[in-house]
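Visitor: need coordinates for the following:
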Amino acid sequence: MRNKRWVGLWFLLVSTTHAYDFSHCQKYYELASRSNSVSLFWQKGQVSFLHSTTPPKGVRILKKDPFIGFYLIQAPHTKFAYHLLDISPEAFKYPMASVSKTYARVGTITKRQERFLGHARFSVPIAPNGVVGNICYQIYGVGFKSKDPHAFIESKYIRRFLSQNTPYYGDIGVRVRSHGALVVELVDPFFKNNPFLEGDVITHINGQAIPNSARFEWVVSNLAYQSEAHVTIKRKGVSQTLHVRVDKRHGGFLLPDTFLERFGVVLDSDLVITARLEHLPAPLNTLRVGDQLVWINHKPIAPKRANHADKLRALQEALSHARMQGRIELLLLRRGLEFYIRL
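Guide: Sure thing, here's the model as predicted:
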C-alpha cells in the first residue's frame, strides 16, 4: 500500500503540473537507503546492496561477489525499498531521473551496460548508491563510486548477483579480444582438455553468434557448470566445432587472473607466492609459500620495475605462450636457490 501511495502521488504531480517532477522521489530515496547502501526487494524480503572494489569495512557481509564488487550487508530494514526493473524499450517512453538524497535530476540513458565492468551511463551525474528510474519505487540501476560520475550498474547485473548462492562465471579456458573478429588471445594451460590455440577465431557458442568480446563474456559467464559447450571456430581459415566441458572462473574482472588462481596461488608484486591451496596435484605441489617465480621457458616473466598488475598480466601471457610451445619450464627462487620445475 505504501508504494501505491507513492506512485499515485507521482501520477498526480504529472497530471497537475503537465511536467514530470521527481523531487518527491528524493523523500522516497531517504526512506529506502542508508549512507552506504540501497535497499532492494528480493524474494519477498529486503536486502541492503552496495558496490565496492575492495571488501567494505565496518559492516557484516552477508553475501559477496568480489569478481565485480557486489555485496549484501547486514543493516536494519528501511521503511521503503526498490523493485529492480530491466531496461526495455518501454522504459524510454517516459522521463527518467537520477535520484539521491541531495537531488533528483531528469536525464536519459546514453549507454547500456555490455560487460560486467563496462557500466551503463546516464546523461546527468549519479551519486554513489543513487538510483535511476522513472517511478519512485522501481529502478533500472544503481550508481557507485567511480571516476565516471555518470556510470551506473544496470539492474540485470544486480539481479544475476542476487539470484546466485555463490558467485559463478563460466569458463571455457580462453581469454579473448575483439580485433575485427573475436580472437583467442590467451589459452589456460591448466584447463582440463583445453582444445583451443592462440589465434583461433570464435564465431558461435551453442549456435549463438558471438560477434565481440562483450557478447562472449556474457554468454560464457552464464554457461552451466560442467555442461558441454559447442564452440565453432576458424583455425587457419578452416571452420570446425570444438566440444568443451565448462568450468568456472577462479580469477578475472576485479581479481587477479594469471591462470594459477585455480590452485589458490596468490602472488605479491615481486611474484613471490604468499598463499596456495594445501593440496595440489603434482608437479604443482612443488610450489611453496615464499617461492619467487623468475623465468618461464628460459625467459624473464616481467621487467623488475613493472607494476604489480603488469607483472601478473605478463605471467598469464607467459603461461599461455609456453603452453603453445608444448612445455612450461618454471624457474623458481627459494631461499637463494634457483631450480626448475616442469608443469
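Visitor: residue 239 against residue 232, yeah?
Guide: Yes. With contact defined as C-beta atoms under 8 Å, residue 239 reaches residue 232; the gap is 6.5 Å. Any C-beta I mention is one placed from the backbone N, CA and C, and that applies to glycine too.
Visitor: overlap in contacts of these two?
Guide: Residues touching both residue 239 and residue 232 (C-beta atoms under 8 Å, 6 or more residues apart in numbering): residue 203.
Visitor: more crowded one of these two?
Guide: Each of residue 239 and residue 232 has its neighbours counted (other C-beta atoms under 10 Å); residue 232 has more, 18 against 11.
Visitor: buried residues in the longest helix along the chain?
Guide: In the chain, taking DSSP state H as the definition, the longest helix is helix 308-325. Residues of helix 308-325 classed as buried: 311-323 (neighbour count, 16 or more other C-beta atoms under 10 Å).
Visitor: packing partners for it?
Guide: Applying 3 or more C-beta pairs under 8 Å, 6 or more residues apart in numbering; DSSP states H and E, one finds that helix 308-325 contacts strand 181-187, strand 266-267, strand 292-296.
Visitor: now with 10 Å, please.
Guide: strand 174-179, strand 181-187, strand 266-267, strand 292-296, strand 299-300, strand 329-334 (3 or more C-beta pairs under 10 Å, 6 or more residues apart in numbering; DSSP states H and E).
Visitor: distance to residue 164 for those strands - can I get that in a markdown table?
Guide: Shown next, in a markdown table, are the helices and strands packed on helix 308-325 (distance: least, C-beta to C-beta, whole Å):
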| stretch | distance to residue 164 |
| --- | --- |
| strand 174-179 | 22 |
| strand 181-187 | 26 |
| strand 266-267 | 24 |
| strand 292-296 | 33 |
| strand 299-300 | 40 |
| strand 329-334 | 35 |
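Visitor: among those, which comes closest to residue 41?
Guide: strand 174-179 (36.4 Å; C-beta to C-beta).
Visitor: run the angle between the closest one and strand 181-187 for me.
Guide: Angle of strand 174-179 versus strand 181-187, following axes from the mean of the first three to the mean of the last three C-alpha atoms, to 10 degrees, is 140 degrees.
Visitor: what's in contact with strand 174-179?
Guide: Strand 174-179 has contacts (C-beta atoms under 10 Å, 6 or more residues apart in numbering) with 182-188, 191, 194-198, 200-202, 210-217, 220, 231, 244, 252, 257, 259, 316-317, 320.
Visitor: go again using 7 Å as the cut-off
Guide: Residues from elsewhere that reach strand 174-179 (C-beta atoms under 7 Å, 6 or more residues apart in numbering): 182-188, 196, 202, 212-213, 216.
Visitor: if any of those are buried, put those into a PyMOL selection.
Guide: Buried residues among these (16+ other C-beta under 10 Å), as a PyMOL selection:
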select buried, resi 182+183+184+185+186+187+188+196+202+213+216
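Visitor: what's the most distant pair in the contacts of strand 174-179?
Guide: It's 188 and 212 that sit farthest apart of these, by C-beta to C-beta, at 20.7 Å.
Visitor: go through stretch 287-298 and flag the buried ones.
Guide: Within stretch 287-298, the residues scored as buried using 16+ other C-beta under 10 Å are 287, 291-293, 295-296.
Visitor: distance across it, terminal residue to terminal residue?
Guide: End-to-end distance for stretch 287-298: 18 Å, by C-alpha to C-alpha, to the nearest Å.
Visitor: now that stretch, how far from the chain's geometric center?
Guide: 29 Å (C-alpha atoms, centre = their mean, to the nearest Å).
Visitor: number of nearby residues for the closest residue to residue 201 other than its chain neighbours?
Guide: Of all residues beyond its chain neighbours, the one nearest residue 201 is residue 234 (4.3 Å), with distances taken as C-beta to C-beta, 6 or more residues apart in numbering. Using other C-beta under 10 Å, residue 234 has 15 neighbouring residues.
Visitor: ditto for residue 36
Guide: Residues lying near residue 36 (other C-beta under 10 Å) number 16.
Visitor: what do you get for residue 189?
Guide: Applying other C-beta under 10 Å, we find 17 other residues in the vicinity of residue 189.
Visitor: do the same with residue 253
Guide: Residues near residue 253, counting by other C-beta under 10 Å: 18.
Visitor: how near is it to residue 65?
Guide: Residue 253 is 9 Å from residue 65, where distance means C-beta to C-beta, to the nearest Å.
Visitor: ditto for residue 114
Guide: Residue 114 is 18 Å from residue 65, where distance means C-beta to C-beta.
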